[in-house]
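Student: Sequence first, predicted model second:
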Amino acid sequence: MQFDRELDVKGLNCPLPILRTKKALSEMSSGQVLRVVATDPGAVKDFHAFAKQTGNQLLSDGEAEQAFEFYFRRK
C-alpha cells in the first residue's frame, strides 16, 4: 500500500505509540496515509479504538517481520 509518511514506534509501549501517531497525523493533510510500525502487542486493540475515537480511518492492519503494521488515512 502506498503511504505519504512512515512512523516507527517499535520498542515503545502504550501510550507512546498512540501519542506519536496522533502527533504525526496532526501534521499531515486530510486524505494522506500514515504507515505505523509497532511491536507492542497491545497496539492492535489500541489503534482500533484510536481510529474510532478520532475519526481517522484505519485502512489496514497486520503483522510483518515480527512487528505490526497499521495504515491510517487522515480525516
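Tutor: Nice, I can see it.

Student: Pick out the residue nearest the middle of this protein.
Tutor: Centrality entry for the chain: nearest residue to the mean C-alpha point is V36, 4.1 Å, by CA atoms, centre = their mean.

Student: Leaving out sequence neighbours, find the closest residue to it.
Tutor: F70 (4.4 Å; CB to CB, 6 or more residues apart in numbering). Any C-beta I mention is one placed from the backbone N, CA and C, and that applies to glycine too.

Student: Repeat that for R35.
Tutor: That would be F3: by CB to CB, 6+ apart, it lies 4.1 Å from R35.

Student: pLDDT score assigned to the one you found?
Tutor: For F3, the model assigns a pLDDT of 98.

Student: all helices of the protein, in order?
Tutor: Remark: helices assigned in the chain by DSSP state H are 16-26, 43-54.

Student: want to throw these into a markdown table with distance to K75?
Tutor: A markdown table is the format used below for these (distance: least, CB to CB, whole Å):
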| stretch | distance to K75 |
| --- | --- |
| helix 16-26 | 8 |
| helix 43-54 | 7 |
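
Student: Switch the ones you listed over to a markdown table; also include distance to K10, mean neighbour count and mean pLDDT.
Tutor: Listed next are the helices of the chain as a markdown table, based on distance: least, CB to CB, whole Å; neighbours: other CB atoms under 10 Å; pLDDT from 0 to 100:
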| stretch | distance to K10 | mean neighbour count | mean pLDDT |
| --- | --- | --- | --- |
| helix 16-26 | 9 | 17 | 98 |
| helix 43-54 | 10 | 15 | 96 |
